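> have a look; sequence and predicted model below, questions after that.
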Amino acid sequence: MIKYLILFSLCLCTFSKTNPTIQTIDYVDLNKYLGRWYEIARYPTRFQSNNCRLVTAEYSLLENGRIKVVNTCWHSQFDGEIQSRANAKAWPSDDTNSKLKVRFFWPFTGDYWIVKLDKENYYYSVVSDPQMKYLWVLCREPKMESSVFDTIISFLDEKGFNTDKLIISPLHK
């Protein structure tokens, strides 16, 4: 009987799949992080239309210390006609400021984890969640330098993200 329990336990260890996790960066200066970011690539989500290919995220500080989030989907050019817009509030959930909670509507919150960041210039940011279900690659410019994008893709591959799923901004291709 014990022999079968041990065999069963070994099978569970071999075939069970744990949720992968990723670590956030060690610290984010929120004042440097504020401002406009352009979406370079993302995983498809049920709450963000696949037809939405030109996206910006703007972060600004509110009087209460929280962060105002405005995600905008543009029809054909930035600063042209808007296809959709979503507003949210965010706040740090730890002292590193690399883990944030985001609320688009009460009572639901989501995790916004900054997993890679250009700490020197805040030129790019990579955002996910603890289960690596969501993924966004953001840049301060509508088109990211190819060498930087390639470095980010290598990082994501190394961490176990499926980069084949990425929807890439048409301006970056």
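Ah, there it is.
> how much space is there between the residue most central in space within the chain and Asn64?
Nearest residue to the geometric centre of the chain (Cα atoms, centre = their mean): Val127, 2.4 Å. Between Val127 and Asn64 the computed distance is 23 Å (Cβ to Cβ, to the nearest Å). For glycine as for every other residue, the C-beta is placed from the backbone atoms N, C-alpha and C.
> so which bits of stretch 106-126 are buried?
Thr109, Asp111, Tyr112, Trp113, Ile114, Val115, Lys116, Leu117, Tyr122, Tyr124, Ser125, Val126 (16 or more other Cβ atoms under 10 Å).
> quick one: which of these is nearest Lys99?
Distance to Lys99, by Cβ to Cβ, is smallest for Trp113 among the buried residues of stretch 106-126, at 5.4 Å.
> helix or strand for the residue nearest to the centre of the chain, which one?
Taking DSSP states H and E as the criterion, Val127 maps to strand 124-128.
> centre of the chain to that strand, how far?
With Cα atoms, centre = their mean, to the nearest Å as the basis, strand 124-128 stands 5 Å off its chain's centre.
> quick one: contacts of it?
Under the contact criterion Cβ atoms under 8 Å, 6 or more residues apart in numbering, strand 124-128 has outside partners 22, 33, 37, 40, 112-118, 134-140, 144, 148, 152, 155-156, 161.
> in the sheet, which strands lie alongside it, parallel or antiparallel?
Using DSSP bridges, strand 124-128 pairs in its sheet with strand 108-117 (antiparallel), strand 135-139 (antiparallel).
> Throw these into TSV and include mean pLDDT and distance to Ala86, thanks.
Formatted as TSV, the strands paired with strand 124-128 follow (pLDDT from 0 to 100; distance: least, Cβ to Cβ, whole Å):
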stretch	mean pLDDT	distance to Ala86
strand 108-117	96	12
strand 135-139	98	13
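> so which of those gets nearest Ser84?
Smallest distance to Ser84 across the strands paired with strand 124-128 (Cβ to Cβ): 16.2 Å, for strand 135-139.
> hey, C-alpha coordinates of the helix or strand following the closest one in CSV?
Following strand 135-139 in sequence order, the next helix or strand is helix 146-159 (DSSP H and E). Presented in CSV, the C-alpha positions along helix 146-159 are these (Å, rounded to 0.1, in the frame of the first residue of the first chain):
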residue,chain,number,x,y,z
SER,A,146,14.0,47.1,-32.0
SER,A,147,17.0,46.2,-29.8
VAL,A,148,15.1,47.1,-26.7
PHE,A,149,12.0,45.1,-27.8
ASP,A,150,14.2,42.1,-28.6
THR,A,151,15.8,42.3,-25.1
ILE,A,152,12.3,42.4,-23.6
ILE,A,153,11.2,39.4,-25.7
SER,A,154,14.2,37.4,-24.5
PHE,A,155,13.4,38.3,-20.9
LEU,A,156,9.8,37.2,-21.3
ASP,A,157,10.8,34.0,-23.0
GLU,A,158,13.3,33.3,-20.2
LYS,A,159,10.6,33.9,-17.5
